[in-house]
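Participant: Sequence and computational prediction follow.
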Amino acid sequence: MASKKSIAFQNIFLKGLPIFMALIGGLFLLFSFFFWERGIMPILPGIFTESVAVPISFVQLATELIPIELENFLLFQNFESLPPIFFPNMTLLYGAVIWLLFNIGLSLISTLKKMYFIGATALVIFLLAFSGINGLDIGGISSNYALISILFGVLLPIVLISFFAGNWGILPRFMVIFISGTITLYIMGAVSNIPSPWIWLSENAAFPAAVISTLFLLHIGHVIISGSAVFLIKLNKGTGLKISFHLILIFLIYFLLILFTLLDTMGEVNLPFPTLPPVLLMLVCGLIGIFIVRLKIEQTDQAFDAPVIGESFYWTGFAITVWTWGRAIFIENEPLYEFLNHIFLYSQLSLCLLFFIYLMSNFSQILNSGKDVERILFKPQYFAYFHMRIGSIMGLVILTVYADGIIGSQLASASTNITADYYGQTDRPLEAAILYENSWLQYRRNDKAKNAAAHFRFNLKQPQQGMDHLLESFNYSPNVPNILLLSAKTHQQDKVLDALFYLEKGLEYYPGNPYLINNISLLYSKINRPIDALAKLEEITKENIIAQSNKLALQIKHGLKTDESPEIPDDLIFKINYLAGANKKGDFTDFVLDTHQIPEGFSLKAALFRNQWSNKIETPLEEDLILMDSLVALEQPGFEERNFRETRILRMLQQSYINETLKYINGTAMVHPDFGAYYHEMAAKILAGQLDFEKAAIDILVASESGFINFKPFHLAILYFGNKAQEAKTIESKYEVSFPSWMKFDSDGILEKNDLSEYYQKISRLHQSLPGDFLADLDALDQNIFQEEFAYHILVHKLHWLKKPELEKVKNIITAKTSSVLTKDDIDSWYAFVHSDTGNGPSEKIMQLFQLDKDLERNAYWTPFVWKKVNEENDELRKYELLQEAIQFNKDPFLWIQYVKQSRKIGLDSYGSTAMAEMRGWLSAEQIEKLQMDNF
């Protein structure tokens, strides 16, 4: 019973383990062929941005509508060829698998009869000699100590077992051989001085594995014909059909299929019909071959006693073949898998033809008899094992000669690629580049080698050599990754038309390729051919989200009509671009991006914050500012830090934190003085929107001194009414910009009066005015179409001064028209809120208009709300701080006199005296005296 269990266990080991490894290897091969798609040579979408000016706010001054703009970002994705990827762990796994299978094969060899054992041992020596083992440099560079050691560690146990332990089972043989060989290998790896010796050994395992794969592929050369014959013979038992005709038909179809596949693989002809990939044919042949092996074992003498040994040999060879072929595809060792392709097709052509001739010559008389012909199919020893094999070898030689001996170049190039991969994985780019270059010279159908060599040369700061490689590839063996890289590098040299040429030419080689089409479209956009750019993108399927995102960005960039109500995919980049388009049109989107889920990459990060905060904001300001401050504080290029600063400005401005916005803008202008003109001009617009023409005029002049030249008529108006009339006229002359059309000057240079000029004169001094003055100005605007607007500004900036009768007057002016936005109830609730009267609080419209759920003191120019906040405070020091903050911006006399009063109250009389002295700059002594009498 124990003996039977032992035999059953050994059979499981002999067949089960190789079959399992072949199954895993077959799945790996199918994955590499169908799904990997040159994943080792990544083509990924890179992101670049282009800005589009978006109005984030508007300043309305009578007929002037001044946009305050900040950039939003459009994200474009162009495909880039990245350096080949290395997978060291995958390399080690492959090496471990081949070593395991190799040891299974060694244990099987130890069971062979003497002459066969000697021949197999010689083959093992040959394989180890070409395994790169001497590359471990043990005892000197390329010395033979490593080879001698591994031969001793591997062959000695095989010889001893074969001669002195012939009765051992296969499992003890395997354990002894595996342990002996592995210990020897481990010791050599440990004492080797080369970097990553295990990577070296694993990489170089591919060469002996390729030799074993060649033997296996030759072995299954005729299995389709022999298998078909066996199947038809068994199917015909007792029927007597003429299966020879069926066999002839099968042979012709399969022979032509293999022939056309070979011609297609060699690129000799452009076939009008598809052919099957050699990989799939090999898998089919491999699975059919096991049945033929069993027949051969039954009918002929073998080199082993137990049939299971033959089957184990077969499955081990099959496993090594699928793993090696699969890895060649996975790592894009094109010479190696082209070598396997050719060997497989050569063997199929020659062996199928010879076996068919053998079959027809020896069995044509009895094939149709319905007898058990399959039992003698491999019996004719002489022809079957001599003449047929000789003829097949001749056929192989003829095919090799016909193909110009290309398999020699393929194998040499594959070996060089293997070594180059090792140097690439051990961070030695110069050596890797040289080896990849040599590999390409040996065999030019070698896309990865040229691509890797070019990338390594660019990384080594040798751009000319990198460009030479790409141009050679383009001229002799164009491929998509190298075309993309060549176009990108040419574009970096500002040779846009050349970059476009390479892409367009590449599209002739690879029609319909989405990578090339996408990049062509973006270059069309760059040379101002937007219609052609969009037309190109239309060639890519709508399921391609990158193309759709680029299309949307191009439409926004060039001001073209976007698709009506497009379906918004769940793609971050598409949504960011969609936000930019919506912001440009002033629309709100139906979605809000999560600005706390920060993506990697500056472009994506910057665009997310800028575009979303230009649209809707649903996150707390304090958290957002902390986040922005953390991004600003990072060590990064200046333009990145400046971008985050501008986004922080946007975030504060969107919720009317005017005080902090203006201070941060000035701080940013100091940190980035080269962009001071831009920031001071922005500050001027914000200040003009708050009716502070005086400070706005100062910022415009500072912007001019910093290099600002893009003056508009409204700039001159702000300067003029900001007490900088002479400077306004200087800029008018210097930059050839006109005053607004409503500003007419007489021959003496005096501004002519009209409704607009009167309005501007009065609105420009509103903050500094006392009630008697601004109410008089309101009366003076009687019959003026801008009286209603002036009255509204009184409510916003001077409501704290108004008594009930004065409020009624202002309220009646604002609500006189039926089109008025505010109702009397809205204004009453507003007044009650500021003056702390009893009531239900401000109306919903007032709450929304001023976002009263936020800090009341955030805008110093909203004087009524600032005073409301001061009154609510119980801490005297805090009251002082609020007033001190406000008077840094606002010249409202009430705020200033309250500041003087509060300074004296907490013992800071000197500060109060200084403020009183400054008030004399815009108030008369009588006005100041009256303020003191009313408030002290």
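Facilitator: Perfect, thanks for sending it.
Participant: Would you mark the buried spots in the lengthiest helix in the chain?
Facilitator: In the chain, with assignment by DSSP state H, the single longest helix is helix 334-363. For helix 334-363, the neighbour count (16 or more other Cβ atoms under 10 Å) marks 334-356, 358-359, 362-363 as buried. Placement of C-beta: from N, CA and C, glycine included.
Participant: Over to stretch 487-499?
Facilitator: Within stretch 487-499, the residues that count as buried by 16+ other Cβ under 10 Å are 487-491, 499.
Participant: cool, and stretch 35-54?
Facilitator: Those would be 36, 38, 40-41, 43, 45, 47, 49-50, 52, 54, for stretch 35-54 by 16+ other Cβ under 10 Å.
Participant: For residue 508, state which of the residues you listed is nearest.
Facilitator: residue 43 (18.7 Å; Cβ to Cβ).
Participant: quick one: contacts for the closest one?
Facilitator: Taking Cβ atoms under 8 Å, 6 or more residues apart in numbering as the contact definition, residue 43 lies against 79-82, 480-481, 484, 515.
Participant: and those as TSV, adding pLDDT?
Facilitator: Below are the contacts of residue 43 laid out as TSV (pLDDT from 0 to 100):
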residue	pLDDT
79	95
80	95
81	94
82	94
480	95
481	95
484	96
515	95
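Participant: Filter the residues you listed down to just the ones in strands.
Facilitator: 79-81 (DSSP state E).
Participant: In ChimeraX, select just the buried ones from these.
Facilitator: Under the burial definition 16+ other Cβ under 10 Å, those of the ones in strands among the contacts of residue 43 that qualify are selected in ChimeraX by:
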select :79,80,81
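Participant: Just put the ones in strands among the contacts of residue 43 in JSON lines and tack on distance to residue 519.
Facilitator: Conversion of these to JSON lines gives the following (distance: Cβ to Cβ, whole Å):
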{"residue": "79", "distance to residue 519": "6"}
{"residue": "80", "distance to residue 519": "9"}
{"residue": "81", "distance to residue 519": "11"}
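Participant: out of the ones in strands among the contacts of residue 43, who's nearest residue 404?
Facilitator: residue 81 (30.3 Å).
Participant: where does residue 306 fall, phi/psi-wise?
Facilitator: phi -90, psi 130 (degrees, to the nearest 10).
Participant: Check residue 488 and give its pLDDT.
Facilitator: Residue 488 is assigned 95 on the pLDDT scale.
Participant: Remind me which helix or strand it belongs to.
Facilitator: Using DSSP states H and E, residue 488 maps to helix 480-492.
Participant: who's in contact with the following helix or strand past that helix?
Facilitator: Per DSSP H and E, the first helix or strand lying C-terminal to helix 480-492 is helix 496-509. The contact list for helix 496-509, computed with Cβ under 8 Å, 6+ apart, reads 474, 478, 480, 483-484, 486-488, 490-491, 513, 516-517, 519-520, 523-524, 526-527.
Participant: Can you give me the buried ones in helix 496-509?
Facilitator: Within helix 496-509, the residues that count as buried by 16+ other Cβ under 10 Å are 499-500, 502-503, 506-507.
Participant: could those go into a markdown table alongside pLDDT and distance to residue 556?
Facilitator: Shown next, in a markdown table, are the buried residues of helix 496-509 (pLDDT from 0 to 100; distance: Cβ to Cβ, whole Å):
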| residue | pLDDT | distance to residue 556 |
| --- | --- | --- |
| 499 | 95 | 24 |
| 500 | 95 | 22 |
| 502 | 96 | 28 |
| 503 | 96 | 23 |
| 506 | 94 | 28 |
| 507 | 95 | 26 |
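Participant: Which of these sits closest to residue 199?
Facilitator: Checking these against residue 199 by Cβ to Cβ gives residue 506 as the nearest, at 34.4 Å.
Participant: what's the next secondary structure element after the lowest-mean-pLDDT helix or strand in the chain?
Facilitator: Here the helix or strand of the chain ranked lowest by mean pLDDT, DSSP states H and E is helix 381-382, holding a mean of 53. Next in sequence after helix 381-382, counting helices and strands by DSSP H and E, comes helix 388-402.
Participant: Buried residues of that next one, list them for me.
Facilitator: Per 16+ other Cβ under 10 Å, helix 388-402 contains these buried residues: 388, 391-392, 395-396, 399-400.
Participant: could these go into a markdown table alongside distance to residue 719 and pLDDT?
Facilitator: A markdown table is the format used below for the buried residues of helix 388-402 (distance: Cβ to Cβ, whole Å; pLDDT from 0 to 100):
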| residue | distance to residue 719 | pLDDT |
| --- | --- | --- |
| 388 | 102 | 67 |
| 391 | 100 | 74 |
| 392 | 96 | 73 |
| 395 | 94 | 78 |
| 396 | 92 | 80 |
| 399 | 88 | 77 |
| 400 | 88 | 79 |
